[in-house]
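Undergrad: Sequence plus predicted model, see below.
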Amino acid sequence: MGEIVLIIAIIFGSIAVTTLGCVYMGTSYFEKKKGLKSGASQREIEVLQQKVNDVQKEVGALKKEVKRLIKIAKGVSE
């Protein structure tokens, strides 16, 4: 009798684990497809990196302009 209960428990346990695994795989797939997990984070990181690069370029251009203006100001005051 105990063996039958054990076999039934193993069968139901296997079905439960398989079902939960399928539900988890399905939900994680749709979350990734919608961009709610790491895909969105990666895109956000890429966008932020691009913005940082743009700001760095602007800062570099501003530094050159300030140096040019300083040279002009020194030339005028001398």
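TA: Yep, that arrived.
Undergrad: Tell me the gap between the helix or strand of the chain with the lowest mean pLDDT and the middle of its chain.
TA: When each helix and strand of the chain is scored by mean pLDDT, DSSP states H and E, helix 38-77 comes last, with a mean of 84. Distance, stretch centre to chain centre, for helix 38-77: 24 Å (CA atoms, centre = their mean, to the nearest Å).
Undergrad: Near residue 32, how many other residues are there?
TA: Neighbours of residue 32 under the rule other CB atoms under 10 Å: 13. Backbone N, C-alpha and C define where each C-beta goes, glycine included.
Undergrad: do you know how far it is from residue 26?
TA: For residue 32, the distance to residue 26 equals 11 Å [CB to CB, to the nearest Å].
Undergrad: any idea how far residue 61 is from residue 54?
TA: In terms of CB to CB, residue 54 sits 11 Å off from residue 61.
Undergrad: With residue 31 instead?
TA: Residue 31 is 41 Å from residue 61, by CB to CB.
Undergrad: And the residue nearest the centre of this protein?
TA: For the chain, the residue sitting closest to the mean C-alpha position, by CA atoms, centre = their mean, is residue 41 at 1.7 Å.
Undergrad: Relative to residue 51, how far out is that residue?
TA: 16 Å.
Undergrad: likewise residue 62?
TA: From residue 62 over to residue 51 (counting by CB to CB), the distance is 16 Å.
Undergrad: do the same with residue 32
TA: 24 Å.
Undergrad: burial count for residue 62?
TA: Neighbours of residue 62 (other CB under 10 Å): 10.
Undergrad: wait, what's in contact with it?
TA: With contact set as CB atoms under 8 Å, 6 or more residues apart in numbering, residue 62 has no partners.
Undergrad: how much does the helix or strand where residue 8 lies deviate in direction from helix 38-77?
TA: Using DSSP states H and E, residue 8 maps to helix 2-34. In terms of direction (axes from the mean of the first three to the mean of the last three CA atoms, to 10 degrees), helix 2-34 departs from helix 38-77 by 30 degrees.
Undergrad: average pLDDT for helix 2-34?
TA: Helix 2-34 shows a mean pLDDT of 87.
Undergrad: how far is that helix from where the chain is centred?
TA: 29 Å.
Undergrad: Sounds good, over and out.
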